[in-house]
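Engineer: I'll drop the sequence and a predicted model, then ask my questions.
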Amino acid sequence: MSDSLPTWLQYIFVLIGIYLLFHILYLGQSIIIPLAFGALFAMLLDPMCSWLEQYKLGRIGSVLVSMLAFLLVIAGVLFLFSLQFLEFTDQIPEMTNRLKLYTDQFVRLLEQQLNIGQEQQIQYLNRGINNLIDRSGQFASTIISATTNIFTFLILLPIYTFFLLYYRDRLQTFMTKMADRHNFKDVQKIILDIRGVVQRYIIGMIAVILIMAILNTLGLLLVGLDHALFFGGFAAFLALIPYLGIIIGSIPPLLFALLMYDSLLYPVGVIAVFGLVQFLEGNFITPNVMSSQVSINPLVALLALLIGGQLWGIAGMILFIPMTGIAKVVCDHFEPLRPYGYLLGNTVEY
């Protein structure tokens, strides 16, 4: 049927299909995002579940024990950072006072250098406050919506993870039977490859985050910055957002150094530390630790990052790179789609 259609019309149908796919992903993000994270966690915990089932715990017991162990690790990390954060909050009043002092100095500088009197400054300030008040309703609705989405995510994520682990054999059998209808016998290989890609990607990302946390913390300690562990770990965690995460993570310690220390050597040292870590991460750490875990080239990774961010925000920036790696695995196993797999990949040979 499709062979009888003109080539240009086939391309139009493909573009319409791509548009509908992205439209569905955008409209269904509240359901699809926790489902996607649940699938990643389920594939990560699958080896532990299989291992526990050998000790007669049963399917439900193995899933619950695996999820509990994972939650305990996450809770331990959050507890450690909460202790650091509580120490950091003790200095917030001092930071507020310093910020007020610097603001007063800036106001006087405007008055002296630019001949902007206090009355004009007050007018500008009032305009800004009025604009802020006008938009406060929009801000409030955005915050409420974001809070609702977070609670929905936190509720759905463990439910999805549990059922994906519990029914993993059923899902694999379903995909095998569907593939057999089309005389495709390699579905088991695809499933194993996808599972391997996801597991290696998550483990590789955890290793990268740990290495960066150590480097960030050591660098900030050498600079002499307080709360180095908190700032270093926070910036490393944001490395989950490729390319932009470490830049965003460097802003809090930089502001802290500007406000709390009288010497400019501290903020310059913070910039030097994160610049060096960013260089090491991009050129040595990620290429050597991650290696070919997702096997997509940098251009495709950047496009996946931008498209994911446009569709799903930060969650999309995290999810779309492993999802693109999964798409490449699928393309590599179908002869008609192998050119697309080659286009997505980072290998030269075809």
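Structural biologist: Yep, that arrived. Residues are numbered from 1 along each chain as shown.
Engineer: what bits of the stretch 101-250 of the chain have low per-residue confidence?
Structural biologist: Along the stretch 101-250 of the chain, the model assigns pLDDT under 70 to residues 102, 104-148, 180-185, 242-243.
Engineer: okay, now Gly224: neighbour count?
Structural biologist: When neighbours are counted by other C-beta atoms under 10 Å, Gly224 registers 13. In this view, the C-beta of every residue, glycine as well, is placed from N, C-alpha and C.
Engineer: residue contacts, it?
Structural biologist: Contacts for Gly224 (C-beta atoms under 8 Å, 6 or more residues apart in numbering) come out as Tyr266, Gly269.
Engineer: do the same with Ile191
Structural biologist: Gln172, Met175.
Engineer: cool, and Ala36?
Structural biologist: Applying C-beta under 8 Å, 6+ apart, we find Ala36 in contact with Leu319, Met323.
Engineer: that one and Phe153, how far apart?
Structural biologist: Taking C-beta to C-beta, to the nearest Å as the measure, Ala36 falls 11 Å from Phe153.
Engineer: now swap in Ile296 and tell me
Structural biologist: 26 Å.
Engineer: who has more neighbours out of the two?
Structural biologist: For Ile296 versus Phe153, the count of surrounding residues by other C-beta under 10 Å is larger for Ile296: 22 against 14.
Engineer: list the contacts for that one?
Structural biologist: Residues near Ile296 by C-beta under 8 Å, 6+ apart: Ala304, Ile321, Thr324, Gly325, Lys328, Leu344, Gly345, Asn346.
Engineer: just the CA atoms of whichever strand or helix holds Gly233, as PDB, please.
Structural biologist: Assigned by DSSP states H and E, Gly233 falls within helix 228-237. Extracted in PDB, the C-alpha atoms of helix 228-237 (Å, rounded to 0.1, in the frame of the first residue of the first chain):
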ATOM      1  CA  ALA A 228      32.000  22.400  50.700                       C
ATOM      2  CA  LEU A 229      30.400  19.000  50.900                       C
ATOM      3  CA  PHE A 230      26.900  20.400  50.500                       C
ATOM      4  CA  PHE A 231      27.800  22.700  47.500                       C
ATOM      5  CA  GLY A 232      30.000  20.000  45.900                       C
ATOM      6  CA  GLY A 233      27.400  17.300  46.200                       C
ATOM      7  CA  PHE A 234      24.600  19.600  45.000                       C
ATOM      8  CA  ALA A 235      26.500  20.600  41.900                       C
ATOM      9  CA  ALA A 236      27.400  17.000  41.100                       C
ATOM     10  CA  PHE A 237      23.800  15.900  41.500                       C
END
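Engineer: quick one: name whatever helix or strand follows it.
Structural biologist: Later in the chain than helix 228-237, the nearest helix or strand by DSSP H and E is helix 245-249.
Engineer: now that next one, how far from the centre of its chain.
Structural biologist: 11 Å (C-alpha atoms, centre = their mean, to the nearest Å).
Engineer: ends of stretch 88-96, how far apart?
Structural biologist: Start-to-end span of stretch 88-96 (C-alpha to C-alpha, to the nearest Å) is 13 Å.
Engineer: average pLDDT across it?
Structural biologist: For stretch 88-96, the mean per-residue pLDDT is 73.
Engineer: residue boundaries of the strands in the stretch 251-350 of the chain?
Structural biologist: Using DSSP state E, counting those that start in this stretch, the stretch 251-350 of the chain contains no strands.
Engineer: any stretches of it with poor pLDDT?
Structural biologist: For the stretch 251-350 of the chain, the stretches flagged by pLDDT under 70 are 286-294, 348-350.
Engineer: for burial, what's the neighbour tally of Val270?
Structural biologist: By other C-beta under 10 Å, 26 other residues sit near Val270.
Engineer: can you check Gln172 too?
Structural biologist: The burial count for Gln172: 15, using other C-beta under 10 Å.
Engineer: find the nearest non-adjacent residue to it, please.
Structural biologist: Ranked by C-beta to C-beta, 6 or more residues apart in numbering and with sequence neighbours excluded, the top spatial neighbour of Gln172 is Ile191, at 5.8 Å.
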